[in-house]
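Asks: just coords:
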């Protein structure tokens, strides 16, 4: 079911180009108002807002409807889509990008929020540099404290991808202004692989970008107090095996994407799979022998055998010996 609150921006300031802000909605009744207000109060006016209701079981959509009444000037810019069944985050991301009419898009998760001048600052940087993707720093918002997430400052896409593939983190799709046409060239998120879907998608977008730019300010607020979020610590612990396996699977798909395109990126992506397996094994080895066995089985998808080098290079000797212990126990 599709409900459109409008399909044009008549009456708004005619700024350089339209930006589509894309937001999935699921079980965020405590947070959707804060998110929506931060979007509707953006200082940049030439916007399109798309929310996808992924069959949320709470009253998130009712709250969103109430909030929109306070911003009548945004009515003609708003699209709300209701899925007929729950499809998961990866599928919703794909739906959102296909619906976007803007020259550029921004992903904002519905339990997060952004500074009021975020879009304006990202657009200004894009105009200054001609970049296909403009990123900003973010603030990790936890219940007791805040911390800065500072992204690598790279203008060359190849360098940025290499930097990302050396780490198990920082592949987030949010906090970026992305040229919409890049999505026509990539393999989108794989439906059903909702954990780490940006591990697959973000490096592909960087691969097809000609130029990158950064706004060295924390404009995006990444909230980790939502106990229903896939990234919340309690949820990660409950679905630890499934979540970590999906991240490994997305890493394998990314490596396969680079095959035949860029040998250096393929090799680094291959090492990234091994790094993800190491990282997952570390979390499972102490407490869950069965989960460890499932993680460790994915090493068959790694070309070559880089695992021994990780033990020394990343200081993971403890993980290595735990892995060795459990491998021996399996044989016995």
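Replies: Arrived safely. Bear in mind the structure is a predicted one, so any value in this text is a computation, not a measurement.

Asks: which residues touch residue 141?
Replies: The contact partners of residue 141, taken as Cβ atoms under 8 Å, 6 or more residues apart in numbering, are 221, 222, 223, 224, 225. For the C-beta atoms, the positions are set from N, CA and C on the backbone; glycine is no exception.

Asks: now residue 301
Replies: 252, 273.

Asks: What's the separation between it and residue 241?
Replies: Computed with Cβ to Cβ, to the nearest Å, the distance linking residue 301 and residue 241 is 17 Å.

Asks: same check, this time on residue 268
Replies: In this structure, residue 268 and residue 241 are 26 Å apart, going by Cβ to Cβ.

Asks: who has more neighbours, these two?
Replies: For residue 268 and residue 241, the more surrounded residue by other Cβ atoms under 10 Å is residue 268, and the numbers stand at 20 against 17.

Asks: What score does that one have for pLDDT?
Replies: With respect to pLDDT, residue 268 has a value of 93.

Asks: Just the element for it, please.
Replies: Remark: residue 268 resides in helix 263-285, with elements defined by DSSP states H and E.

Asks: which is the next helix or strand following that helix?
Replies: The element immediately downstream of helix 263-285 (helix or strand, assigned by DSSP H and E) is helix 289-297.

Asks: so who does the closest residue to residue 85 other than its chain neighbours touch?
Replies: Nearest residue to residue 85 in three dimensions, chain neighbours excluded: residue 55, at 6.1 Å (Cβ to Cβ, 6 or more residues apart in numbering). By Cβ under 8 Å, 6+ apart, the contact set of residue 55 is 26, 82, 83, 84, 85, 86.

Asks: Buried ones only from those, please, as a PyMOL command.
Replies: Command for PyMOL that selects the buried part of the contacts of residue 55, burial taken from 16 or more other Cβ atoms under 10 Å:
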select buried, resi 26+83
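
Asks: farthest-separated two in the contacts of residue 55?
Replies: Farthest apart among those by Cβ to Cβ are 26 and 84. That separation is 14.4 Å.

Asks: quick one: residue 20 from residue 254, how far?
Replies: Using Cβ to Cβ, one obtains 25 Å as the distance from residue 20 to residue 254.

Asks: Those two: which has the busier surroundings?
Replies: It is residue 254, of residue 20 and residue 254, that has more neighbours when counted by other Cβ under 10 Å, with 28 against 23.

Asks: For the helix or strand in which the more buried one is found, which residues meet the burial criterion?
Replies: Under the assignment given by DSSP H and E, the secondary-structure element containing residue 254 is helix 240-258. Residues 240-241, 243-255, 257-258 are the ones in helix 240-258 that count as buried (16+ other Cβ under 10 Å).

Asks: Quick check: closest non-adjacent residue to residue 266.
Replies: Closest residue to residue 266 in three dimensions, ignoring its sequence neighbours and counting by Cβ to Cβ, 6+ apart: residue 258, at 4.2 Å.
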